[in-house]
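Trainee: would you be able to build a 3D model of this:
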Amino acid sequence: MNNLKAFRNILKLDLIHGFNFYKKKLILFLVIIIILNIGNIVAVRNYQGNLIDLFFIMYKDVKFDPTALDIPINWLIINVFVIFILGDFISENLKRDSNYILLRSKKILLYWLSKCTWIVVNVLLIYLVVMGLTYLLGGVSLGFNLESSKFIKEVLVMEVPHLNILMWLVITYIFTSLALVLFQAIISIALNSRYAFLATTIILTMPIWWNNKFLVAIHSMILRHDYFNNEIGLSIAFSLVYTIGISVILMGLGYKLVEHKDFI
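Mentor: Okay, here's the model as predicted:
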């Protein structure tokens, strides 16, 4: 019971301090998302598409072409901003005002679990807000029809309900971002947060040039999955198991790093 109370207290402080830490970056990100949505709404209306078309063209990547450099701009902006907003909170928190909590509680595990929970909660919150904006803006402009998509039908290589595609697109974004944010958070503890952000961004961009299912960021690329592409055999099930597994491993490594860190 005491451990649960201590965990709740640390998490409450993290949620309050964390929001104050990243709110300006989040506002900038949401402004960009609104602008991207408006531009894509115009394109979808010209194509006589619907809301599910908007979700697809807004959040999809591009098909891999080894002969041409085709950068998925929306995908890149979204992923970069999520790690930019959340990735360095833990390291900055350790530097500024959390040492006394750790030293007084003597519960490093609870401290680290709170930080990991904070990351999970905020990744979910950011995507809830981002997807909610697309749903509201698109719904008002295009109607709230989520039945089928002209854009998805054109590129599918197997029969799958289009709403399922949309669901997996959102879920793979969430789990991929969770793994990437955890990676940056851990690297930021050991290195300068700028170098950690640079390293994470490099890892993020690797799937643009290489079509390999073991690259972490490729799992948020819906067009690289077997619904659209049979080249690398990337299934949704593999993406979920792989990104969750990577996240769990990173949480364990982060705990070991914090456990052996000199806070005095």
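Trainee: which secondary structure element is home to residue 226?
Mentor: Of the helices and strands defined by DSSP states H and E, none includes residue 226.
Trainee: which one is it nearest to, not counting chain neighbours?
Mentor: The shortest distance from residue 226 to any non-neighbouring residue, by C-beta to C-beta, 6 or more residues apart in numbering, is to residue 235 (5.4 Å). C-beta: built from backbone N, CA, C; applies to glycine.
Trainee: give me the number of residues near the one you found?
Mentor: Residue 235 is flanked by 12 other residues according to other C-beta atoms under 10 Å.
Trainee: how about the helices in the stretch 151-264 of the chain?
Mentor: All helices of the stretch 151-264 of the chain, identified by DSSP state H, counting those that start in this stretch, fall at 162-190, 193-209, 236-259.
Trainee: with the stretch 1-150 of the chain instead?
Mentor: 2-46, 51-59, 73-86, 89-96, 99-105, 108-142, 150-155.
Trainee: need the ones you listed in JSON lines with mean pLDDT, can you?
Mentor: Converted to JSON lines, the helices of the stretch 1-150 of the chain look like this (pLDDT from 0 to 100):
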{"stretch": "helix 2-46", "mean pLDDT": "89"}
{"stretch": "helix 51-59", "mean pLDDT": "94"}
{"stretch": "helix 73-86", "mean pLDDT": "96"}
{"stretch": "helix 89-96", "mean pLDDT": "79"}
{"stretch": "helix 99-105", "mean pLDDT": "56"}
{"stretch": "helix 108-142", "mean pLDDT": "93"}
{"stretch": "helix 150-155", "mean pLDDT": "86"}
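Trainee: go through those and name the closest to residue 243.
Mentor: Of all those, it is helix 108-142 that lies closest to residue 243, at 11.5 Å by C-beta to C-beta.
Trainee: quick one: the closest one to helix 73-86, angle?
Mentor: Angle between the axes of helix 108-142 and helix 73-86 is 140 degrees (criterion: axes from the mean of the first three to the mean of the last three C-alpha atoms, to 10 degrees).
Trainee: gap between helix 108-142 and the chain center?
Mentor: 9 Å (C-alpha atoms, centre = their mean, to the nearest Å).
Trainee: what do you get for stretch 184-200?
Mentor: How far stretch 184-200 lies from its chain's middle: 16 Å, per C-alpha atoms, centre = their mean.
Trainee: distance between the ends of it?
Mentor: Its start and end residues considered, stretch 184-200 measures 6 Å (C-alpha to C-alpha, to the nearest Å).
Trainee: check which residues of it are buried.
Mentor: Neighbour counts over stretch 184-200 (16 or more other C-beta atoms under 10 Å) mark 184-189, 193, 196-197, 200 as buried.
Trainee: what of stretch 163-174?
Mentor: By 16+ other C-beta under 10 Å, the buried positions in stretch 163-174 come out as 165-166, 168-174.
Trainee: nearest to residue 20 among those residues?
Mentor: If you rank these by distance to residue 20 using C-beta to C-beta, residue 174 comes first, at 23.5 Å.
Trainee: need the contact list for the closest one.
Mentor: Residues near residue 174 by C-beta atoms under 8 Å, 6 or more residues apart in numbering: 123-124, 127.
Trainee: out of those, which are buried?
Mentor: 123, 127.
Trainee: format the contacts of residue 174 as TSV; extra columns: distance to residue 74.
Mentor: Formatted as TSV, those follow (distance: C-beta to C-beta, whole Å):
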residue	distance to residue 74
123	18
124	20
127	14
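Trainee: and the contacts of residue 174, which is closest to residue 252?
Mentor: Using C-beta to C-beta, residue 123 is the member of these that sits closest to residue 252, with 18.3 Å.
Trainee: this completes my enquiry, with thanks.
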